[in-house]
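Student: Got a sequence here, can you build the structure:
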Amino acid sequence: MYQILEGHGVVPVIKFNDSSEALPLADALSAGGIKIMEITFRSAAAAEAIGLVAKERPDILVGAGTVVNLEQLEKAVKAGSKFVVSPGFDEEIVIEGLRQGVIMLPGVITPSEIMAAMKIGLTVLKYFPASVFGGLQAIKSYASVFPQVKFMPTGGVSAKNLADYLSLPNIQACGGSWMVSGDLIGGRKWDEITALSAEAMDIYRKVRG
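Tutor: So this is what the prediction gives:
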């Protein structure tokens with residue numbers, strides 16, 4: 001189920017105010033070596049933006065973020081999302097998403113949440129908000145308890161600590177918005193986004209080979 005995530009070590013977490021920003025941003029990320037986009041349902045433009053990227057940029061692995069109910073899940077899948085990320089663990093949403101054939105990456109923090117996700121077959125989980133709930137130390141401590149689980153920390157990950165996170169073997173990828181901030185997207189600073197993306201991918205390659 002998780003094979004398509006391989007090689008995508010840095011996942012931009014994106015909020016669009018206007019779907020017209022989607023394709024230029026996809027191109028800017030791609031030019032920097034990032035071929036994945038998590039487009040969050042924090043705005044009304046999310047579904048249309050996902051649909052544009054899915055249709056016009058098939059080389060980009062596009063998914064939906066901040067999916068908190070079944071209605072958003074349905075919109076995400078219909079738009080073409082290949083993966084769906086939630087801030088927390090909702091069994092109903094996860095099971096429905098799996099039934100529809102998309103990768104589900106619910107957010108977890110506690111051992112109980114991790115065990116509940118494992119019970120329905122999940123082994124890659126979002127860890128959110130990472131910086132608030134122990135960050136590196138917490139994820140490192142879970143390695144011996146849950147050796148079969150990998151995490152995607154989001155929240156507080158930046159270019160400064162990306163290498164530290166990626167150095168942990170039980171981290172699948174890192175999510176972040178530092179290369180796709182609202183100011184960068186709103187200002188259509190595509191060259192700057194490409195430069196930040198290239199920097200992130202250089203860190204990824206140095207740590208992961």
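Student: Check for me that residue 53 belongs to a helix.
Tutor: Yes: counting by DSSP: H, G, I helix; E, B strand; the rest coil, residue 53 is found in a helix.
Student: pretty sure it is touching residue 39, no?
Tutor: Yes: counting by CB atoms under 8 Å, residue 53 touches residue 39, with 7.3 Å between them. Every residue, glycine included, has its C-beta placed from N, CA and C.
Student: between the two, what contacts are shared?
Tutor: Counting by CB atoms under 8 Å, 6 or more residues apart in numbering, the common neighbours of residue 53 and residue 39 are 22, 62.
Student: When these two are compared, which one has more neighbours?
Tutor: residue 39 (35 against 25; other CB atoms under 10 Å).
Student: elements contacting the strand or helix carrying the more buried one?
Tutor: Residue 39 is part of strand 36-40 when elements are defined by DSSP states H and E. Applying 3 or more CB pairs under 8 Å, 6 or more residues apart in numbering; DSSP states H and E, one finds that strand 36-40 makes contact with strand 10-14, helix 22-31, helix 46-56, strand 61-65.
Student: Go through the ones you listed and pick out the most buried.
Tutor: strand 61-65 (a mean of 26; mean count of other CB atoms under 10 Å).
Student: okay, the angle between that one and helix 22-31?
Tutor: In terms of direction (axes from the mean of the first three to the mean of the last three CA atoms, to 10 degrees), strand 61-65 departs from helix 22-31 by 120 degrees.
Student: Strand 61-65 pairs with which strands, parallel or anti?
Tutor: Paired with strand 61-65 in the same sheet, following DSSP bridges, are strand 36-40 (parallel), strand 83-85 (parallel).
Student: and stretch 138-157, how far from the chain's centre?
Tutor: 15 Å (CA atoms, centre = their mean, to the nearest Å).
Student: so how far does that stretch reach from one end to the other?
Tutor: 14 Å (CA to CA, to the nearest Å).
Student: Contacts made by it with the rest, please.
Tutor: By CB under 8 Å, 6+ apart, stretch 138-157 touches 11, 13, 85, 105, 107, 111, 114, 118, 123-132, 134-135, 165, 168-176, 178.
Student: among those residues, which are in helices?
Tutor: In helices, judged by DSSP state H, the following of the contacts of stretch 138-157 are found: 111, 114, 118, 135, 165.
Student: If you rank the residues you listed by neighbours, which is first?
Tutor: Going by other CB under 10 Å, residue 165 tops those with 25 neighbours.
Student: Correct me if wrong: that one contacts residue 136.
Tutor: Yes: the pair residue 165 / residue 136 is scored as a contact, 6.4 Å apart, by CB under 8 Å.
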